[in-house]
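1. quick one: sequence plus predicted model below, questions after.
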Amino acid sequence: MKRRRVIGYDDQGRAAVSYPSVSAAARDRQVLRGSVERAMELGTRCTGLRWAREGDPAPLSDPQRGYVTYDAAGGVAGRYATQVEVAQALGVSSQGVYLSVRTGSVIRGVRVCRAQAPAPGPLVRDARHVVAYDDAGAVIGTYESQVQAARALGESVTAVHHSLNGRRLRQGVRVRRKAAPPPGAYVDSAKLPVRLYDNAGVLGAEYPSRTAAAEALKVPVTSVAHALARGIRLQGWRVVDADAPAPGPYVGQGARVVEALTDAGDLVGRYASQSAAAAAHGVSQSALSHALRWGTRCRGLRWRYAEPADDEAPSGASHTESTHHPARI
């Protein structure tokens, strides 16, 4: 495979130097090869330049990497090169500016955003107010902050924060942002019926609740919920909600068809499984699995799973039968 040149860009986004490879750039700049590769991956500087391979988009210039402050009406209040400059202009700490960029919170009457991010629009001042709902979905109270809600409900601020992400408080109260849609009536997920399917996609058992399924499999209810959320097997069974369609035959990640591509997206090879691809390219299966999971290169190639419609049946794939057969309800 032909190597692509490596280009170094200055702060204005202009190409300053060019090398035939990463190794050549590292030797000439007197740094480690890994330092240049890390700079390309993260978009950071190495020896005063930002780096990219020929054909890839050029790194953002410093003006594009700056920060913009917006007032309550959504208008631009100021432009700055770094978070430190924003902090000095507003008279706050750099940590406060960082939190404003990350969460969109207001600091000194303005919001701080990255220059390449879209404008946030007019500020809705009560959008982050907290509303408490009972199990029937009726409003119990509205509070200006999580701290105020925690004091009124007799809970910790941490518990209120977790409730914003979907959890239910001890008193049967659920908390949401005012800008978020109301949650509706509460349904205890542990009481929802579930079904168990074997590796061949055949119904093995049906239970009136997740609790009953957990008791039959001799596992915690949280394990059943985790298997439902992640789509993983539990005691050799696949757990599916009763109103969900039946799953097809189980195919493990290692038995899925994988494809090798160049950086330009051209298909290089197609393999029946990860082990077949690893053997063909002389790499370990763990290295290939890492490249598939994180989208990194392995042996200079990009890797992906084949689309389900194009997925060929992997040769030699076998399904392990479970030795635990729960009683059918």
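-> Happy to help now that I have it.
2. send me stretch 103-120 as CSV with only the CA atoms.
-> Extracted C-alpha coordinates of stretch 103-120, given in CSV (Å, rounded to 0.1, in the frame of the first residue of the first chain):
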residue,chain,number,x,y,z
THR,A,103,-22.3,22.3,29.9
GLY,A,104,-23.5,25.5,28.2
SER,A,105,-24.0,27.2,31.6
VAL,A,106,-24.1,31.0,32.1
ILE,A,107,-21.0,32.7,33.6
ARG,A,108,-20.9,36.4,34.2
GLY,A,109,-24.1,36.8,32.1
VAL,A,110,-22.6,35.1,29.0
ARG,A,111,-22.2,31.6,27.6
VAL,A,112,-18.8,30.4,26.2
CYS,A,113,-18.7,28.2,23.1
ARG,A,114,-16.1,27.0,20.8
ALA,A,115,-15.7,29.1,17.6
GLN,A,116,-16.5,26.2,15.3
ALA,A,117,-19.7,25.3,17.3
PRO,A,118,-23.1,26.6,16.2
ALA,A,119,-24.5,29.7,18.0
PRO,A,120,-26.6,28.7,21.0
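3. ok, and the closest non-adjacent residue to Tyr250?
-> Among residues not flanking Tyr250 along the chain, Asn199 sits closest, at 4.2 Å (CB to CB, 6 or more residues apart in numbering). Yep, even glycine has a C-beta here, placed from its N, CA and C like the rest.
4. and the one you found, what element?
-> Using DSSP states H and E, Asn199 sits in no helix or strand.
5. you'd agree it is up against Pro249?
-> Yes. The pair Asn199 and Pro249 passes the contact test of CB atoms under 8 Å, sitting 6.8 Å apart.
6. out of those two, which sits in the busier spot?
-> Per other CB atoms under 10 Å, whichever of Asn199 and Pro249 has more neighbours is Asn199, with 19 against 13.
7. the more buried one and Arg270, how far apart?
-> Computed as CB to CB, to the nearest Å, the Asn199 to Arg270 distance reads 25 Å.
8. same question, Arg210
-> In terms of CB to CB, Arg210 sits 40 Å off from Arg270.
9. show me the helices in the stretch 51-200 of the chain, by range?
-> 83-90, 94-103, 146-153, 157-164 (DSSP state H, counting those that start in this stretch).
10. will you turn the ones you listed into TSV that also has mean pLDDT and distance to Ala260?
-> Output for these, formatted as TSV (pLDDT from 0 to 100; distance: least, CB to CB, whole Å):
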stretch	mean pLDDT	distance to Ala260
helix 83-90	89	40
helix 94-103	85	37
helix 146-153	89	48
helix 157-164	88	42
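11. can you add mean neighbour count and distance to Arg176 and give the ones you listed back as JSON lines?
-> Conversion of the helices of the stretch 51-200 of the chain to JSON lines gives the following (neighbours: other CB atoms under 10 Å; distance: least, CB to CB, whole Å):
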{"stretch": "helix 83-90", "mean neighbour count": "18", "distance to Arg176": "31"}
{"stretch": "helix 94-103", "mean neighbour count": "16", "distance to Arg176": "17"}
{"stretch": "helix 146-153", "mean neighbour count": "18", "distance to Arg176": "11"}
{"stretch": "helix 157-164", "mean neighbour count": "17", "distance to Arg176": "7"}
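12. with distance to Thr262 added, can I get these in a markdown table?
-> Compiled in a markdown table, the helices of the stretch 51-200 of the chain are given as follows (distance: least, CB to CB, whole Å):
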| stretch | distance to Thr262 |
| --- | --- |
| helix 83-90 | 38 |
| helix 94-103 | 36 |
| helix 146-153 | 49 |
| helix 157-164 | 44 |
